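**Q** Let's see this in three dimensions:
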Amino acid sequence: MGSVNRQGWQQSIGARLPWLGSEVDALPLQQPRWLGWSDSLAQQLDLHADDELLALFAGQRSLPWSGFAQVYSGHQFGGYTPRLGDGRGMLLGMRNGFELFAKGSGPTPYSRGGDGRAVLRSAVREFLASEALHHLGIRTTRALAVLGSTTPVQRETRETAAITVRVTRSHLRFGHFEYFHYSGQPQQLHALLDDSIAEHFPHLLDGDNPRAQWLTEVVQRSAETVADWQAFGFCHGVLNSDNMSVLGETFDYGPFAFLNQFDSRYVCNHSDHHGRYAFEQQPGVVMWNLTKLATALSSLLTEAQISAALASYEPVLVARYVERMGARLGIVQPQPEDLALISELLSAMQQQQADYHLTLRQLAEVDPNRKACPLLAGEEMQQWWQRYQQRLGPIDDVAQWQQQRRQANPAIILRTHLAQEAIAAAEQGDNGPLQRLHDALTRPYDPQPQDHPYCQEAPPWSQSLTLSCSS
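**A** Just a heads-up that it's a prediction; the model follows:
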């Protein structure tokens, strides 16, 4: 295996904290090919989709150092698993301040008997979701590329292996801190927290207590992100504590989905038999995970510091949610009191099985001064419309108001059936649908004429699509 040019590359966190995991080598893909590529992220990283880079990502060549797989633990579906880790991927290195991770690169010491591979369908979905949320303005890890191959992989059926190249400034999860806390390694726990602060929260170093302020900021970032999920109808699917990023980014995509018809009880993960991670449960689950992170830091912080940090969650969550929904509804200076108005609208959507995104986008096109709302039927809805108009006040420049609403209400959403159609084509060797869908997802608020298929309600056949933890 040859080595690629190291110019512009640096070793990742494993060079500073070698006890955080293990050095690993990739298991090369057979006949790798580019499936998807993010031009905007590539420019940020100063990378080009050439043969050398393809060989690096596919494990056929390496940087002058080994890859690095991290160890962590976590609470999965409510129960603690003491040893997890990067079981099917590794950190390649850093570039322009970002860590690049090859997800699906082969087995590691943390694979727990698995083959360390990702299949094409899951790799494509993570690539699309990462970029979709980023362009919606929601914190997320990014995806530079997705690679296909002829390498066979056995799941329920015979599939082919693929790799997603994930990009973020830090891959630290809540589960990292849980691992060193519960395994009785206080020195490593201290060093890990201090390294995170120095590398990714340096603005806290001059404060009175950087460690307590770090927890507060992680709490608040997490609150903002889950508020954005709720405002944009995004379901994560597997909100285990090991899938929570200390940067507050949407992390480790598995059986995710965006809502079609609004249903607060929607469960996107077919493996989630008890609805632990249902859409309406996400804010509570994120708070639960934060308490587990706080417990892991209990040897470093006082009870008062932990309580103060966790107490900041709900006010930030509510403020962010009403800010996002206020923008979607055109409410100037939204307040927590507007939650009642928002909830009434969502209740009407659920009762009438209205499409969440289309309803809000179409609402942006309605003249807010008209007497009756044409979108949802019923006397209760018309009464809501009148209360809504009173909250808005008179709108003098309707065209400008509508344009502002369009910039807050996406027309293009990564619906499950759109991803499935792109996957099915890619499995047959046709990358065109994937490339066109990815291109459309980079401009969710400004659809072009060719984007018409991506702006429609989900077809009836899509209701039969199911997603599980292997998705």
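
**Q** For the closest residue to Phe68 other than its chain neighbours, give its distance to Ser73.
**A** Excluding its sequence neighbours, the residue lying closest to Phe68 (CB to CB, 6 or more residues apart in numbering) is Gly14, at 3.4 Å. Glycine gets a C-beta too; all of them are placed from N, C-alpha and C. Here the criterion is CB to CB, to the nearest Å. By it, Gly14 lies 18 Å from Ser73.

**Q** average pLDDT across stretch 208-219?
**A** For stretch 208-219, mean pLDDT rounds to 97.

**Q** And for stretch 159-177?
**A** Mean predicted confidence for stretch 159-177 is 97.

**Q** and what of stretch 439-451?
**A** On average, the pLDDT along stretch 439-451 is 95.

**Q** how far does it stretch from start to finish?
**A** End-to-end distance for stretch 439-451: 9 Å, by CA to CA, to the nearest Å.

**Q** Other residues contacting it?
**A** Stretch 439-451 is contacted from outside by 40, 128, 131-132, 135-136, 406-414, 436, 454-455, using CB atoms under 8 Å, 6 or more residues apart in numbering.

**Q** quick check: longest strand of the protein.
**A** strand 158-168 (DSSP state E).

**Q** Compare Gly14 and Ser73 (neighbour count), which wins?
**A** In this view Gly14 and Ser73 are compared by other CB atoms under 10 Å, and Ser73 has more residues nearby, 25 against 22.

**Q** Do I have it right that the more buried one meets Asp242?
**A** Yes - assessed by CB atoms under 8 Å, Ser73 is found in contact with Asp242 at 6.9 Å.

**Q** Mutual contacts of the two, please.
**A** Thr81, Leu84, Gly175, Glu178.

**Q** Domain parsing of this protein, as residue ranges.
**A** Domains of the chain are assigned by automatic domain parsing as 2-168, 174-321, 328-406, 416-461.

**Q** How far off centre is the helix or strand hosting Met90?
**A** Here Met90 sits within strand 89-95, counting by DSSP states H and E. Relative to the chain's own centre, strand 89-95 is displaced by 19 Å; criterion: CA atoms, centre = their mean, to the nearest Å.

**Q** Compute the inter-axis angle for that strand and strand 158-168.
**A** Strand 89-95 and strand 158-168 are oriented at 40 degrees to each other (axes from the mean of the first three to the mean of the last three CA atoms, to 10 degrees).

**Q** which parts of strand 89-95 are buried?
**A** Gly89, Met90, Leu91, Leu92, Gly93, Met94, Arg95 (16 or more other CB atoms under 10 Å).

**Q** Max pairwise distance over the residues you listed: which two?
**A** Within the buried residues of strand 89-95, Gly89 and Arg95 form the most distant pair, 16.8 Å apart (CB to CB).

**Q** On the strand side of things, show who Phe234 bridges to.
**A** Under DSSP bridges, the beta-bridge partners of Phe234 are Phe258.

**Q** Contacts only, for it.
**A** Phe234 is in contact with Leu133, Ile138, Asp228, Thr250, Phe256, Ala257, Phe258, Leu259, counting by CB under 8 Å, 6+ apart.

**Q** Follow the chain on from the longest strand of the chain and name the next helix or strand.
**A** As assigned by DSSP H and E, the chain's next helix or strand after strand 158-168 is helix 174-182.

**Q** mind listing the strands in the stretch 1-150 of the chain by residue range?
**A** Along the stretch 1-150 of the chain, counting by DSSP state E, counting those that start in this stretch, strands occupy 2-3, 9-10, 21-24, 33-37, 61-62, 67-70, 74-76, 79-81, 89-95, 98-103, 118-119, 142-148.

**Q** quick one, what contacts Ser183?
**A** Ser73, Pro82 are the contacts of Ser183 under CB under 8 Å, 6+ apart.
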